[in-house]
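> No letters, just coordinates:
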């Protein structure tokens with residue numbers, strides 16, 4: 001099957017809406033099934049299980065790029081049997097994992113749900129001590145981790161407390177008087193926790209040090225203790241077994257079939273797992289006794305492990321087993337970690353997606369056999385895209401470069417007449433934000449607006465900076481281009497910096513740590529308002545999903561209201577997207 005996108009446009013949206021109404025929108029919790037529990041020809045009035053799949057850092061063009069080597073049961077099945085939207089984009093910056101997952105499942109942007117980055121600078125703590133405190137999107141010491149030794153959980157824990165909006169899962173819980181089971185699964189904590197919101201039964205994620213799947217005391221399913229079946233999974237030590245395999249990570253297909261990635265296999269744009277070793281297949285690993293499985297997430301094995309764990313979640317929690325609609329969020333993180341290390345042009349990224357395609361095929365087959373396609377509503381998207389490696393872009397005659405964050409910070413401190421450390425007015429360059437020490441400014445009787453304007457002026461002409469904006473002006477300014485609109489949608493006053501900026505095309509912020517030259521400025525990252533970071537797939541499959549391909553404009557916050565409309569439940573409380581029915 002060749003990849004082909006058709007321009008159906010708005011007409012198809014009305015066709016889909018009509019088809020959905022004819023096929024039946026949910027109004028009761030009673031499903032329809034034929035003999036021996038098989039789906040009948042009459043469509044169930046509601047799905048038994050909704051599955052939201054997120055592929056971390058999946059650019060839209062990866063579908064076409066890897067299409068020829070995909071099997072028939074994964075991405076091709078979703079496209080061929082479901083609805084595919086070719087023009088789905090993020091409508092805010094910065095484009096990162098935590099805000100991406102929050103936006104998909106809340107139906108709004110960071111300006112409303114509050115998750116502006118993976119972590120941000122705690123304004124209230126600036127100037128209190130010598131350490132700049134970063135506030136994680138999910139870190140919450142009030143709810144200690146479960147699944148690891150209690151000594152490692154002291155002062156550490158996680159919850160969705162920072163999320164300032166309800167999710168699809170929250171709305172489903174409310175609509176079913178708490179009967180719906182809602183669970184999030186990922187290798188990353190934020191990718192497991194944020195999608196299912198504050199009322200979820202459980203969320204599970206991966207611990208790098210032990211290689212265990214863990215959770216926290218926040219969740220009701222943990223009130224009677226950590227599940228014994230998860231303990232059994234952890235006891236198998238599968239991540240350690242993968243990393244200890246003497247064959248290492250090998251190519252899935254013969255090397256000659258990898259036509260969508262650079263040749264030769266090794267290049268100067270790719271990071272490596274171990275210093276002074278080439279970035280070539282097979283990849284072998286050395287297990288750190290103090291951090292057994294930190295590299296595991298950065299391999300294609302991570303997706304296989306997570307898929308198998310998700311199957312266990314479906315079985316042990318009996319998701320989709322009765323007439324009350326349940327919800328599962330499944331986020332594949334290894335695609336992001338591999339791309340960060342090796343870059344989008346690498347054979348490692350291509351192999352990861354070919355293997356993920358097999359994992360998706362197995363998971364869809366499992367769900368179909370257990371619950372039935374007619375009882376399933378599945379959607380697949382990504383939390384953001386990914387940029388070309390800037391050095392790679394330059395070497396291939398394209399625009400690109402590195403924003404040197406430390407140099408920018410030092411320049412701003414000089415312009416502000418400051419010294420380094422806690423006595424500096426410029427505290428940090430984080431994401432697309434510049435954070436100032438407001439407490440120190442007040443102590444010196446300095447006007448904050450004036451300081452912000454000094455920073456904006458100083459940033460003009462800095463390599464990689466398109467334009468900077470004062471937080472004083474940003475919320476009320478009238479955008480003159482798409483980038484400014486996206487910056488406004490990503491601004492949340494209580495957490496964003498004092499000055500925000502847009503990057504030039506092809507530029508990304510250089511990592512601060514130069515102590516690992518085998519990784520420094522290698523691979524890729526994301527975060528900008530350009531197509532390579534914002535354009536992602538959106539696929540629908542299963543219950544009430546017509547076979548269609550459309551180029552109608554869709555933004556990520558449209559996903560949640562579409563699901564809520566299909567389920568006939570109230571929209572999320574801060575929804576700004578629109579149902580595409």
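Yes, it's here. These figures come from a predicted structure and were not determined experimentally. Numbers count the residues shown, from 1 in each chain.
> For the stretch 251-400 of the chain, which segments are assigned as helices?
Applying DSSP state H, counting those that start in this stretch to the stretch 251-400 of the chain gives helices spanning 301-316, 334-342, 347-370, 390-395.
> same question but for the stretch 51-200 of the chain, I mixed them up
62-66, 75-81, 97-106, 110-113, 150-153, 168-175, 189-193.
> Redo those helices as TSV? Include mean neighbour count.
The way it works is simple: take the backbone N, C-alpha and C, and place the C-beta from them, glycine included. Below are the helices of the stretch 51-200 of the chain laid out as TSV (neighbours: other C-beta atoms under 10 Å):
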stretch	mean neighbour count
helix 62-66	20
helix 75-81	20
helix 97-106	30
helix 110-113	24
helix 150-153	12
helix 168-175	24
helix 189-193	29
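> Is it possible to get those helices out as TSV so that each row also shows distance to residue 569?
As requested, the helices of the stretch 51-200 of the chain are exported to TSV (distance: least, C-beta to C-beta, whole Å):
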stretch	distance to residue 569
helix 62-66	30
helix 75-81	24
helix 97-106	14
helix 110-113	18
helix 150-153	35
helix 168-175	4
helix 189-193	21
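> between the ones you listed, which has the poorest average model confidence?
The stretch with the lowest mean pLDDT among the helices of the stretch 51-200 of the chain is helix 150-153, at a mean of 78.
> So for stretch 352-370, what gets flagged as buried?
Buried residues in stretch 352-370, defined by neighbour count with 16 or more other C-beta atoms under 10 Å: 352-364, 366-368, 370.
> which residues sit against that stretch?
With C-beta atoms under 8 Å, 6 or more residues apart in numbering as the test, stretch 352-370 has contacts from 49, 51, 53, 55, 58, 62, 66, 69-75, 77-78, 252-253, 300, 303-304, 307, 310-311, 314-315, 320, 330, 332, 334-335, 338-339, 373, 376, 378, 380, 541.
> sorry, back to before: between the helices of the stretch 51-200 of the chain, which gets nearest to residue 406?
helix 97-106 (23.3 Å; C-beta to C-beta).
> Now do that closest one and helix 168-175, the angle between them.
Relative orientation of helix 97-106 and helix 168-175, computed by axes from the mean of the first three to the mean of the last three C-alpha atoms, to 10 degrees: 40 degrees.
> what's the offset of helix 97-106 from the middle of its chain?
7 Å (C-alpha atoms, centre = their mean, to the nearest Å).
> same for it, what does it pack against?
Packing partners of helix 97-106 (3 or more C-beta pairs under 8 Å, 6 or more residues apart in numbering; DSSP states H and E): strand 49-55, helix 110-113, helix 189-193, helix 559-567.
> tell me which strands and helices the first one is in contact with?
The one in question is strand 49-55. helix 97-106, helix 168-175, strand 326-332, helix 347-370, strand 376-381, helix 559-567.
> what's the closest of those to residue 190?
Within the helices and strands packed on strand 49-55, the stretch nearest residue 190 is helix 97-106; the backing value is 4.4 Å (C-beta to C-beta).
> Run a quick neighbour tally on residue 439.
For residue 439, the count of nearby residues is 14 (other C-beta atoms under 10 Å).
> and it, what helix or strand is that in?
Taking DSSP states H and E as the definition, one finds residue 439 inside helix 438-443.
> quick one: contacts of that helix?
By C-beta under 8 Å, 6+ apart, the residues outside helix 438-443 that reach it are 123, 126-128, 423-425, 447-448, 451, 498.
> thinking again about what came up before, tabulate the helices and strands packed on strand 49-55 (TSV), appending distance to residue 411.
What follows is the helices and strands packed on strand 49-55, written out as TSV (distance: least, C-beta to C-beta, whole Å):
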stretch	distance to residue 411
helix 97-106	28
helix 168-175	44
strand 326-332	38
helix 347-370	35
strand 376-381	38
helix 559-567	40
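> buried ones in stretch 287-299?
By neighbour count on 16+ other C-beta under 10 Å, the buried set for stretch 287-299 is 287, 292-299.
> ok, so of the residues you listed, who is nearest residue 98?
residue 297 (15.9 Å).
> and the helices of the stretch 251-400 of the chain as a markdown table, adding distance to residue 97 and mean pLDDT?
Formatted as a markdown table, those follow (distance: least, C-beta to C-beta, whole Å; pLDDT from 0 to 100):
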| stretch | distance to residue 97 | mean pLDDT |
| --- | --- | --- |
| helix 301-316 | 14 | 98 |
| helix 334-342 | 7 | 96 |
| helix 347-370 | 16 | 98 |
| helix 390-395 | 20 | 94 |
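> of all the ones you listed, which lies closest to residue 268?
Checking those against residue 268 by C-beta to C-beta gives helix 390-395 as the closest, at 7.5 Å.
> Sheet partners, orientation included, of the helix or strand following that closest one?
Of the helices and strands lying after helix 390-395 in sequence (DSSP H and E), the nearest is strand 401-403. Strand 401-403 has its sheet partners listed here by DSSP bridges as strand 507-509 (parallel).
> ok now the partner strand, how far from the chain's centre?
Relative to the centre of its chain, strand 507-509 is centred 19 Å away, using C-alpha atoms, centre = their mean.
> Now do it, average pLDDT.
In this model, strand 507-509 has a mean pLDDT of 92.
> Show me the strands in the stretch 1-150 of the chain, by range?
49-55, 83-89, 119-121, 134-136, 139-146 (DSSP state E, counting those that start in this stretch).
> Averaging pLDDT over each of these, report the lowest-scoring one.
In terms of average pLDDT, strand 134-136 trails the rest of these, at a mean of 81.
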